[in-house]
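Trainee: let's see this in three dimensions:
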Amino acid sequence: MFVLLAIALAGCVGILIRVLGKSPEIVVVSGLIGLLMLGLLVTGFVLAILGLLEFSNRAGAFSQGRAQAIWALALASIAGLIVGASAVTSVLRQQGFTSAARKNSPGKTRTFDDLNFQFRAPERPWVSIDAAKLNKASQLTFMRQFPEAYFFIIAEKIGTSVNWSSEQLAEVSKAQMQAAAASARVTSEGPSMVNGLRGVLVETEATVAMHPLHYVRWCCATNGYAYQLIGYSRSEDQQRIAPELRQMFSRFELVDPNRVVSSGGFATNHVSPRYGYSVNVTNSAWHDFSSLEQTMPLAECGASQGDSCFVVVPAWLGGEKLQPQALASGLLGTMNVAYPNENLINRKPLTDGNVAGEQFDFEREIEGRVYRYRFKILQGDGVGYLVAAWTLRRAADAEATLTDALARVRFTARPAAQAFANGEFTARENKTQGFVLNGAGLFHFNSGDHEHALPLFRAAARANREESLYVINTLQAWRHLDRPKEALDFLNEQPSNIATVPAVRAHQAYFQANSSLTDQALTNYARLFAEGYRNDSHFGEYVNLLNLQRQYDVALTAVEKYLKTEDSVAVRLQEAEIHRLKRDFPKAISLLKAQREKAPFNGQIANALAETCLQAGQYSEGLEVSKELVKNNADSAYAYYLKGRSELGLNWYRESKASFESADKLAPANKDIASYLDHVSGLLGEGNNTSLKEPIEVVALPAALTIGGGGIQFVPGAVRPAKRAGLCE
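Mentor: Down below sits the predicted model:
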C-alpha cells in the first residue's frame with residue numbers, strides 16, 4: 001500500500017508541474033512531496049522485507065501475504081531506480097546549467113565585427129549556451145529555466161546585388177517556420193524598431209515535435225546584412241516570457257550603422273589578351289564567382305549575382321576547323337548539356353568581330369528548381385568560345401539578366417596565335433582543350449562518321465596527355481576504319497602512364513593481332529588477363545585468336561581462370577564455342593542448355609544452341625529451339641534460317657523451303673540464305689520460283705485509256721469496238 005501510495009504521489013507531482021509550470025514555489029512543493037514519496041517507498045520496502053522474514057520463520061502460520069510482499073519489493077525497487085535515475089539526470093542537468101551560467105558574463109558585450117553587430121549579455125536567469133546545439137546557423141544562443149525559454153541570433157551577409165527588404169526577409173523566415181513545424185500560424189505581424197533599426201516583428205504559434213510553442217521573431221535587412229532575433233517558449237508561458245524576449249531584442253545593436261557589406265565586386269574589368277576578349281564588370285551588380293573552381297573548373301572567368309551567373313570557356317582547337325554542330329557538342333558538354341538537344345531553342349546566328357557562331361536558349365530542372373540558360377557558341381582564329389549565362393529568376397525577369405550577362409563579353413582582339421603555336425598552355429587550358437575536342441569527336445563518332453572523329457580524338461589526346469579516355473576513343477575510331485598499323489604507330493608515341501593502362505594494352509593486342517603480329521598479341525593478352533584485367537569483349541577477342549591458332553586447351557584454361565572471379569554469359573558462350581570447335585558437341589550442348597535454364601530469353605544462347613545442335617546432327621532438337629526463336633522474334637531472318645536448316649536435315653523439304661523463303665524476305669541480300677533456298681528448290685525439282693509466288697499489285701489504267709476518261713469516245717447508239725471485235729463487255 002505504501003509503494004502504491006508513493007507511485008500515486010509521483011503521478012500527482014507530474015500533473016502539478018505540467019499544469020502550474022516550473023515556478024520556484026512549485027519546485028519547493030514538488031520537492032517536499034518527493035521526500036514524502038521517498039519515505040513511503042523506503043517504508044514499504046522495509047515492511048516487505050520484515051514480512052518475508054516473518055513468513056519464512058513461521059512456515060505454515062500464514063496462508064497469504066508472501067506474494068504481496070514480493071510484489072511490494074519489486075515495485076519499490078523499480079520505483080527507486082526511476083527516482084535515482086531522475087535525480088542523477090537532474091543533477092547533471094543542473095551542473096550543465098550552472099556551468100553555462102558561470103560562462104555567462106551578465107552585461108558583457110559580445111561583438112561580431114565581421115557581421116557588424118554586438119549584443120549585451122542579459123542577467124540571470126538567462127545564460128549563454130553552445131549556439132550549435134540549438135541552431136547551427138546562429139551566432140549567439142541563450143536559455144532560461146522556470147519557465148523554460150530560448151533566444152538566439154542569426155546574422156548573414158546577403159550582399160547588395162539584390163535589394164532585400166526586412167519584409168522579404170520576414171517572408172523567408174515564415175516559410176522556414178512553415179517547413180520546420182508540423183503546423184504554424186502567424187498571430188501578429190508588423191513593423192518594429194530596435195535601437196533605431198527598422199524591422200518586422202512576427203509572432204507565431206507553432207507545433208514542433210508535438211509541443212505547442214510560441215515564437216517571437218524580429219527580422220531586419222540593412223546594407224547587405226540580414227538579422228533574425230528569435231525567441232520562443234511554451235505557448236502557456238508566452239504571457240510571462242514575451243516581455244523578456246522584447247527586452248532581449250533591445251540588447252542588440254549594430255557596430256557601425258553606416259557600414260555596407262563588401263559585395264565582392266570587381267575592381268577592374270577582366271581582359272584576356274591570350275584569347276582576345278574582355279568582360280566589362282567594373283561598377284556593376286556582378287561580383288566574384290567564388291565557387292567557379294568547383295562549379296565550372298574549365299571556365300577561364302565568371303561572375304555571379306547570387307541566383308544568376310555567367311562564365312566564359314575559351315578553348316584552343318588544336319588547329320582543327322570544327323563543324324558548328326561538333327563545336328556545340330564539345331562546348332556544351334562543359335555545362336553537362338547534351339547536343340543535339342530538343343530543349344535548345346531560339347537559335348540565332350551571331351557574328352562578333354573575328355568570331356561567328358550561334359546562340360541558344362535552354363531550360364532544365366535541377367533538384368526541383370528551374371534554371372534558365374543562354375549560350376553563345378563561337379569560333380574564330382583557331383579558338384572556340386562558350387559564353388554561358390544562367391539564372392534561377394522567373395521567366396519574366398530572366399531575359400534582362402541573361403541579356404545583360406552576355407552583353408558584357410566583348411571580342412576585341414585576335415588571340416595570341418604565337419603562344420598557341422608554341423604549345424604554351426596551363427593545366428586548365430590543356431584539360432579544356434582535351435574535353436572540348438573529345439566532345440566534338442564524339443559528335444562525329446556517334447553519327448558514324450569515324451573519319452572526321454579520328455583527328456579530333458587525336459588532337460584531344462595531344463592536348464591532355466594525362467587522360468587515357470581520349471587515347472581509347474582514338475583507338476576505337478581506328479578500329480572502325482580498320483587501320484591497325486596507324487593505331488600501333490600512335491600507341492608507340494604515348495607516354496608510359498597511358499601505354500600501361502589495361503584498356504589501352506587490350507586495344508594494342510587487338511591491333512597487333514590484326515597486323516599479323518599474332519605472337520605479340522597472344523603474349524600481350526595473356527599477361528593482361530593474368531594480372532586480373534576483366535573485360536568480356538576484349539577477353540572474347542583473345543579467345544577467338546587462340547581458337548584461330550587451334551590452341552583450344554590454352555583457351556579453355558584461360559576461360560576457367562577468368563570465370564573463377566565472376567561468372568559471365570558471354571564467356572560461357574565462348575567456352576561452349578571452344579568445345580564445338582573441338583567437336584565435343586555433347587559438352588558444348590550441355591553448357592548451352594545450362595545457360596539457357598538461367599536465361600531462357602537470351603537470344604544469343606538460343607542461337608548458339610541451335611547452331612551446335614545442327615552441327616551435331618541433332619536436327620529435331622535444333623528445330624525445337626529455332627521454332628522458339630521464330631516465335632519470340634518473327635522479324636529475325638537468322639531464326640528462319642536456323643529453322644530451315646533443321647527441317648532440311650530432317651528431309652522436310654517443303655517446310656524447309658518455306659522457312660528459307662521467309663528468311664529471304666527479311667534478308668534478301670544474304671547469299672547463304674539464297675544458296676540454301678536454291679538447293680532445297682532443286683531437291684523439290686521446282687527451281688527458284690519464290691518470286692512467282694509474290695502477288696503483283698493491280699496498276700490502274702491511265703485516265704486517257706478509260707471509258708469516259710477523255711480518250712476513246714463512243715457515240716450514243718453506236719456499236720462499241722469491243723463487240724465488233726467479238727469481245728465480251
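Trainee: I figured Ala131 hits Ser138, correct?
Mentor: Yes: if you go by C-beta atoms under 8 Å, Ala131 and Ser138 touch, sitting 4.5 Å apart. C-beta coordinates here come from the backbone N, C-alpha and C atoms, glycine included.
Trainee: what sits in contact with each of these two?
Mentor: Common contacts of Ala131 and Ser138, defined by C-beta atoms under 8 Å, 6 or more residues apart in numbering, comprise Phe152.
Trainee: return the helix or strand in this structure with minimum mean pLDDT.
Mentor: Lowest on mean pLDDT, DSSP states H and E among the helices and strands of the chain sits helix 721-724, with a mean of 36.
Trainee: show the contacting residues for Leu592.
Mentor: Applying C-beta under 8 Å, 6+ apart to Leu592 gives the contacts Leu573, Ala576, Ile605, Ala608, Leu609, Thr612.
Trainee: and this structure, what are its domain boundaries?
Mentor: As given by automatic domain parsing, the domain ranges for the chain are 2-101, 106-254, 270-423, 425-533, 538-617.
Trainee: low pLDDT regions in the stretch 101-250 of the chain?
Mentor: Scanning the stretch 101-250 of the chain for pLDDT under 70 picks out the ranges 101-104, 132, 160-163.
Trainee: where along it do the strands fall?
Mentor: Secondary structure of the stretch 101-250 of the chain (DSSP state E, counting those that start in this stretch): strands at 109-112, 117-120, 127-128, 140-144, 149-157, 183-194, 197-208, 211-222, 225-234.
Trainee: ok, the stretch 501-650 of the chain next?
Mentor: Along the stretch 501-650 of the chain, no stretch is classed among the strands by DSSP E, counting those that start in this stretch.
Trainee: so where is it shaky, pLDDT-wise?
Mentor: Within the stretch 501-650 of the chain, no range satisfies pLDDT under 70.
Trainee: which parts of it are helices?
Mentor: Along the stretch 501-650 of the chain, counting by DSSP state H, counting those that start in this stretch, helices occupy 502-513, 518-530, 536-548, 552-565, 569-581, 585-598, 603-615, 619-632, 637-649.
Trainee: which of those is buried the deepest?
Mentor: helix 637-649 (a mean of 24; mean count of other C-beta atoms under 10 Å).
Trainee: for the very next helix or strand once past that helix, buried residues please.
Mentor: Of the helices and strands lying after helix 637-649 in sequence (DSSP states H and E), the nearest is helix 653-666. Under the neighbour-count criterion of 16 or more other C-beta atoms under 10 Å, helix 653-666 has Tyr653, Glu655, Ser656, Lys657, Ala658, Ser659, Phe660, Glu661, Ser662, Ala663, Asp664, Leu666 buried.
Trainee: my guess is the third one meets Val680, correct?
Mentor: If I follow you right, that is Ser656. Yes: using C-beta under 8 Å, Ser656 is in contact with Val680, at 5.0 Å.
Trainee: okay if I get the helices of the stretch 501-650 of the chain as CSV plus distance to Phe375?
Mentor: CSV is the format used below for the helices of the stretch 501-650 of the chain (distance: least, C-beta to C-beta, whole Å):
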stretch, distance to Phe375
helix 502-513, 33
helix 518-530, 43
helix 536-548, 37
helix 552-565, 46
helix 569-581, 42
helix 585-598, 49
helix 603-615, 43
helix 619-632, 46
helix 637-649, 46
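Trainee: name the residues that touch the helix or strand where Thr474 lies?
Mentor: Following DSSP H and E, the helix or strand that holds Thr474 is helix 468-481. For helix 468-481, the surrounding residues in contact (C-beta under 8 Å, 6+ apart) are 434, 437-438, 441-442, 445, 450-451, 453-454, 457-458, 460-461, 463-464, 484, 486-487, 490-491, 494, 498, 501, 503-504, 507, 510-511.
Trainee: please apply the same query to stretch 110-120.
Mentor: Applying C-beta under 8 Å, 6+ apart, the set of residues contacting stretch 110-120 is 107-109, 121, 139-140, 153, 155-157, 223, 225, 227, 251-256, 259, 261.
Trainee: buried stuff in that stretch?
Mentor: Those would be Leu115, Asn116, Phe117, Phe119, for stretch 110-120 by 16+ other C-beta under 10 Å.
Trainee: farthest pair in these?
Mentor: Asn116 and Phe119 (12.1 Å; C-beta to C-beta).
Trainee: picking up where we left off before, mind putting the buried residues of helix 653-666 into a markdown table with pLDDT and distance to Ser468?
Mentor: Formatted as a markdown table, the buried residues of helix 653-666 follow (pLDDT from 0 to 100; distance: C-beta to C-beta, whole Å):
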| residue | pLDDT | distance to Ser468 |
| --- | --- | --- |
| Tyr653 | 94 | 57 |
| Glu655 | 95 | 54 |
| Ser656 | 95 | 52 |
| Lys657 | 94 | 54 |
| Ala658 | 95 | 53 |
| Ser659 | 96 | 48 |
| Phe660 | 95 | 48 |
| Glu661 | 94 | 51 |
| Ser662 | 95 | 47 |
| Ala663 | 95 | 44 |
| Asp664 | 95 | 46 |
| Leu666 | 95 | 42 |
